[in-house]
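**Student:** Fold the following and give me the result.
(one chain, ligands or ions: 1)
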Amino acid sequence: MDHVLARLLRERVLGYLDAVDAQGSAESRQVSAAWRALLGIHETTESGACRECGRRKARMCTVWRVACAYFTPEREPRLRG
Ligand SMILES: [Zn+2]
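**Tutor:** Numbers count the residues shown, from 1 in each chain. Reported below is the predicted structural model:
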């Protein structure tokens, strides 16, 4: 995946979680905190690979793909349940 696109998607996902934190209840802030922790574990390395999954930079790891599908709804709608 292009580094610029990956960075933009990351910013959109984290921006969505910021908006949830700003508007949400204690329970929704807890869910967004859990997502931030999970996404932090699956942060990419300098080479673009996932720290946890080790997936190469050409494909975003599954955790980030799900986050993008749900938190940037115009992306990958087929992943949404
Ligand atoms: Zn991963």
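
**Student:** Could you tell me how many residues sit around residue 30?
**Tutor:** The number of residues packed around residue 30, counting by other CB atoms under 10 Å, is 11. No exception for glycine: its C-beta is placed from N, CA and C like everyone else's.

**Student:** what about the lengthiest helix in the chain, near the ion?
**Tutor:** Longest helix in the chain by number of residues, with DSSP state H as the criterion: helix 3-23. No. Using CB under 5 Å from the ion, we find that helix 3-23 stays clear of the ion, coming within 12.4 Å at best.

**Student:** Show the subsequent helix or strand relative to that helix.
**Tutor:** Using DSSP states H and E, the helix or strand that directly follows helix 3-23 along the chain is helix 26-41.

**Student:** Low-confidence bits of the protein, can you list those?
**Tutor:** Under the criterion pLDDT under 70, the flagged ranges of the chain are 1, 55-58, 73-81.

**Student:** Quick check: residues of it near the ion?
**Tutor:** Residues of the chain found near the ion, taking CB under 5 Å from the ion as the criterion, are 42, 50, 52-53, 61, 63.
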